[in-house]
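>>> next come a sequence and a model predicted from it.
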Amino acid sequence: MDIGALNVRIVFQKSTSVSDEIGNYTLQWSDHFSCYATISNGNGGEIEKAAVTENESLSFTVRYYKKVADVNTTQYRIFFNDKAYNIKAIDNMGFKKKFLKFRGERERT
C-alpha cells in the first residue's frame, strides 16, 4: 500500500459507562485519537469522496502503531464525515505490523 493514499482524517472514539444520579448506566462516546486512513467500499475498492455519504459499510485502512493495535470491536467506533461507524471486523493484513484494516457499518440514528 502506498503511504500517500492515507489522505483522509478519521477519529477513533471510545465508549465509557456513565452512571446518572439514580444508578442508570449509559454509554458515552469521546474522541480517543485521530489518524489518517484510506477509505474503501466493502469490496476493497477505493471510492470517491462524493460516494462516501451513500455507503452503509466502509473499510478504513490505517498505519499500524500502538494506539491502533489496541482498538477492539466492542469499545471503539470510527467517526468519519460527521457519521459514526461501528467496527465489525479488524484485519491485521498478514500480521506484518504495517497496516490495519477496519470494516465499519454506519450507525443508525
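Noted; the coordinates are in hand. Worth saying up front: this structure is predicted, and the values here are computed from it rather than measured.

>>> what about stretch 95-108, distance to the chain center?
6 Å (CA atoms, centre = their mean, to the nearest Å).

>>> list the buried residues for that stretch?
F99, L100, K101, F102, R103, G104, E105, R106 (16 or more other CB atoms under 10 Å). Bear in mind the C-beta positions are built from the backbone N, C-alpha and C, glycine included.

>>> would you map the helices across this structure?
Ranges of helices in the chain, per DSSP state H, are 49-52, 66-69.

>>> any idea of the mean pLDDT in the first one?
Across helix 49-52, the average pLDDT comes to 50.

>>> same thing with stretch 28-44?
On average, stretch 28-44 scores 87.

>>> who touches it?
1, 5-18, 46-47, 51-52, 55, 57-63, 67-68, 76-77, 79-80, 84, 103 (CB atoms under 8 Å, 6 or more residues apart in numbering).

>>> of those, buried ones?
Burial by neighbour count, 16+ other CB under 10 Å: within these this picks out 6, 8, 10, 12-14, 47, 55, 58-63, 68, 76-77, 79-80, 84, 103.

>>> what about the residue lying closest to S19 once chain neighbours are set aside, neighbour count?
Distance criterion CB to CB, 6 or more residues apart in numbering; nearest residue to S19, sequence neighbours excluded, is Y25 at 5.5 Å. By other CB atoms under 10 Å, 9 other residues sit near Y25.

>>> Y25 and T16 touch, don't they?
No. Using CB atoms under 8 Å as the test, Y25 is too far from T16 to be in contact (10.1 Å).
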